[in-house]
Structures are given as C-alpha cells and as structure tokens.
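Peer 1: the sequence and its predicted three-dimensional model are supplied below.
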Amino acid sequence: MTSVSGLKHPDGSPVRVLVVDDESNLTELLSMALRYEGWEIKSAGTGSGAVRMAKEFRPDAVVLDMMLPDFDGMEVLRRLRDEDPTVPVLFLTARDAVEDRVAGLTAGGDDYVTKPFSLEEVVARVRALLRRSVAMAEESSSMLVVGDLRLDEDSHEVFRGDDEINLTATEFELLRYLMRNPKRVLSKAQILDRVWHYDFGGQANVVELYISYLRKKIDAGRSPMIHTMRGAGYVLKPAS
C-alpha cells in the first residue's frame, strides 16, 4: 500500500479486509460498511474458517471477534500471526472488563472496540490501522522477497539466489505484481489490468507470452516458482 488517502496497493488493487464474527447479521453489516470504503471484503464465522480464509485471501487488516464457536480470538490471532506477523488486527469484544481488553492487546492485537459499537467507529479504527501499516511499509526496505527471489523496487535489480536476472520493463512490472501477491492466484484479466493498465480486448495471450519470458529467466534450470492454475490464472510461490 502506498496512498494513504486512497488506501490501495501499489498496483492499484483495493485493500483487503477479513471480517470474523459468528453473528451473521453483524458480519453482513460490517462487510457492507467496509466495502463502501472501496475495500475488498471476505468474512468467516469460525476461527478455523478465519485461518483458512486468511491463507487464501491474504488480508491487509482483520476485524476479529474475541468469542467464536470453535476457538477464541486469541488463538485465531496467534495462527494469523504465524502466517503474517505484521497484519493489523482489530478485536471486537462484548466484554467490558479492562483485563480482557489488556489481554487482547498484550497478545498482539492492535486495537479493540466493545460491543455494541457504531459501524462508523469500526470503519474509522480499521482505516487508522491501515494508515499506520502504510506508514510502516513506506519506511521499510524497497526489497520484495519470495523464497530465494529478490526484487529491489528502487534499483530494479532482480536476483534468484546469487544470480542477477536482467528483465525488460514489462517483465519487471509483471514480476513485481506477482511478488506483491505471493501464493495468490492472479487471473489473466487481473494481470492485464494491473500490469498493462487496460483491457487487451481478448488478447490475453500477451499474458501467457510474458509469463513464458519470465519463466525462462526466473525458473530455467531451477525449481519452478511460477505456476499455472488451469482455468484460474498464475501464482508465484517459493520453490518447494
């Protein structure tokens, strides 16, 4: 993410927020309010569902109820942080006891709101967490790292292990988009929109062409990182 006002990813895609609560009516209301901000929203009603969804969705922030039917928000937070140590988490709690709030924050939660709450308050808290994570990201290194693949967004240098890889401008943008979304399946339409910034009108074979160019430079003679998911798109992940 770069733009604080727009709160979008550098490639222009919307911020992703995961809402976790077993009260379906509340989840729908929260999702609707957050979606109104232009963000992409997914939801889960259990702790196990939240952990599964987080691995697939890779949220930029999580709104997490402390009390869930299978295991509590603390355990969900622990498992989320195992997968992504930096994802900001806003706890929802029906408890008023100070020690419960402190426990949530001590466990690694970033903020909390107590039920009942206003939708506007939750949106404002999530927006503040996202802005803070934007500021932290902008202060961090310009290096993207997936497995043994490294890409420097400032110098445009790319390395696979100790080997430097020379890319054209378009190949670099395609690889940067894949590396900003590791383990996430990206459709040809998404890649066209984010890398070429317009619709080729059915010329999706340009994506296949550039994926093949990248494979020859990134994967040739090594364990593959770029994978084709038939009927779905492409995914980049660390070599197994």
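Peer 2: Right, received. Where do you want to start? Numbers count the residues shown, from 1 in each chain.

Peer 1: how many neighbours does the closest residue to residue 115 other than its chain neighbours have?
Peer 2: Among residues not flanking residue 115 along the chain, residue 94 sits closest, at 4.5 Å (CB to CB, 6 or more residues apart in numbering). Heads up, the C-betas are built off the backbone N, CA and C, glycines and all. Burial of residue 94 is recorded as 11 neighbouring residues (other CB atoms under 10 Å).

Peer 1: and the strands in this structure?
Peer 2: Shown for the chain, the strands assigned by DSSP state E span residues 16-20, 40-44, 61-65, 89-93, 111-114, 143-146, 149-152, 158-160, 163-165, 226-229, 233-236.

Peer 1: just give me the lowest mean pLDDT stretch among those strands.
Peer 2: Among the strands of the chain, strand 111-114 carries the lowest mean pLDDT, a mean of 83.

Peer 1: what's it packed up against?
Peer 2: Here strand 111-114 touches strand 89-93, helix 98-106, helix 119-139, going by 3 or more CB pairs under 8 Å, 6 or more residues apart in numbering; DSSP states H and E.

Peer 1: where are the low-confidence patches of the chain?
Peer 2: 1-7, 10-11, 95-107, 134-141, 197-204 (pLDDT under 70).

Peer 1: tell me the domain boundaries of this protein?
Peer 2: Using the TED database, the domains assigned to the chain come out as 16-136, 143-236.

Peer 1: in a markdown table, list those domains along with distance to residue 8.
Peer 2: A markdown table is the format used below for the domains of the chain (distance: least, CB to CB, whole Å):
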| stretch | distance to residue 8 |
| --- | --- |
| domain 16-136 | 8 |
| domain 143-236 | 11 |
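
Peer 1: which one of those domains lies nearest to residue 9?
Peer 2: The minimum distance between residue 9 and those falls on domain 143-236, with 6.7 Å, by CB to CB.

Peer 1: out of the domains of the chain, indicate the one that is most buried.
Peer 2: Mean neighbour count (mean count of other CB atoms under 10 Å) peaks for domain 16-136 among those, with a mean of 18.

Peer 1: now it, how far from the centre of its chain.
Peer 2: Chain-centre distance of domain 16-136: 14 Å, with CA atoms, centre = their mean, to the nearest Å.

Peer 1: cool, stretch 181-198 as well?
Peer 2: How far stretch 181-198 lies from its chain's middle: 14 Å, per CA atoms, centre = their mean.

Peer 1: go on, stretch 157-170?
Peer 2: With CA atoms, centre = their mean as the basis, stretch 157-170 stands 24 Å off its chain's centre.

Peer 1: give me the residues contacting it.
Peer 2: Contacts of stretch 157-170 with the rest of the structure, by CB atoms under 8 Å, 6 or more residues apart in numbering, involve 148-152, 156, 172, 175, 195, 210, 213-214, 217-218, 222.

Peer 1: swap in 6 Å and give it another go.
Peer 2: Residues from elsewhere that reach stretch 157-170, judged by CB atoms under 6 Å, 6 or more residues apart in numbering: 148-151, 217-218.

Peer 1: save these as CSV, and put in distance to residue 110 too.
Peer 2: Shown next, in CSV, are the contacts of stretch 157-170 (distance: CB to CB, whole Å):
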residue, distance to residue 110
148, 31
149, 30
150, 29
151, 28
217, 39
218, 35
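
Peer 1: surely residue 70 meets residue 49?
Peer 2: No: contact criterion CB atoms under 6 Å: residue 70 and residue 49 do not qualify, at 8.5 Å.
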